[in-house]
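Asks: predicted model and sequence below, questions to follow.
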Amino acid sequence: MRMLKSVTALMMLALAVTVAAHADNSQQSKMTTCNSQAGDQKLAGDARKSFMKTCLSAGSSAPTAKALTAQQQKMKTCNADAKTKGLKGDDRKTYMKTCLSGPAS
């Protein structure tokens, strides 16, 4: 009976260690993926920071059917930056045109 309890305890410990290791690898994988995507889009500064925040807070590291295309992500980032800068009217329009016509991803 003691042997059974010991084996069970060891199995539970091994399972806990495996789950913890998998969680770390999953987060590392997500960071690598998001960093790569930001690099592909040639994002820098606030745009990169905004993208990384959005990407890392996503529920899953695997792309879903609702994942944004590169152009949609660029539009979202440029829009957020324009809002942060408080741009309106012609200034916003000019900024968005410049931001969106930047290097293609």
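Replies: Good, I have the coordinates. Residues are numbered from 1 along each chain as shown.
Asks: which stretches in the chain count as strands?
Replies: Defined through DSSP state E, the strands belonging to the chain form an empty list.
Asks: so what's the spatially most central residue of it up against?
Replies: What sits nearest the mean C-alpha location of the chain, by C-alpha atoms, centre = their mean, is C55, with 1.8 Å. By C-beta atoms under 8 Å, 6 or more residues apart in numbering, C55 lies in contact with 30, 33-34, 37-38. Any C-beta I mention is one placed from the backbone N, CA and C, and that applies to glycine too.
Asks: could you list the low-pLDDT ranges of this structure?
Replies: Flagging of the chain using pLDDT under 70 yields the residue ranges 4, 6-7, 9-25, 59-66, 103-105.
Asks: all helices for it, in order.
Replies: Assigned by DSSP state H, the helices in the chain fall at 2-40, 45-57, 70-84, 89-100.
Asks: and the third one, how far out from the chain's middle?
Replies: Relative to its chain's centre, helix 70-84 lies at 15 Å (C-alpha atoms, centre = their mean, to the nearest Å).
Asks: and it, which residues are buried?
Replies: Buried residues in helix 70-84, counting neighbours by 16 or more other C-beta atoms under 10 Å, are found at 73-74, 77-78, 80-82.
Asks: before we move on, what about the shortest one?
Replies: For helix 89-100, the neighbour count (16+ other C-beta under 10 Å) marks 92, 95-96, 99 as buried.
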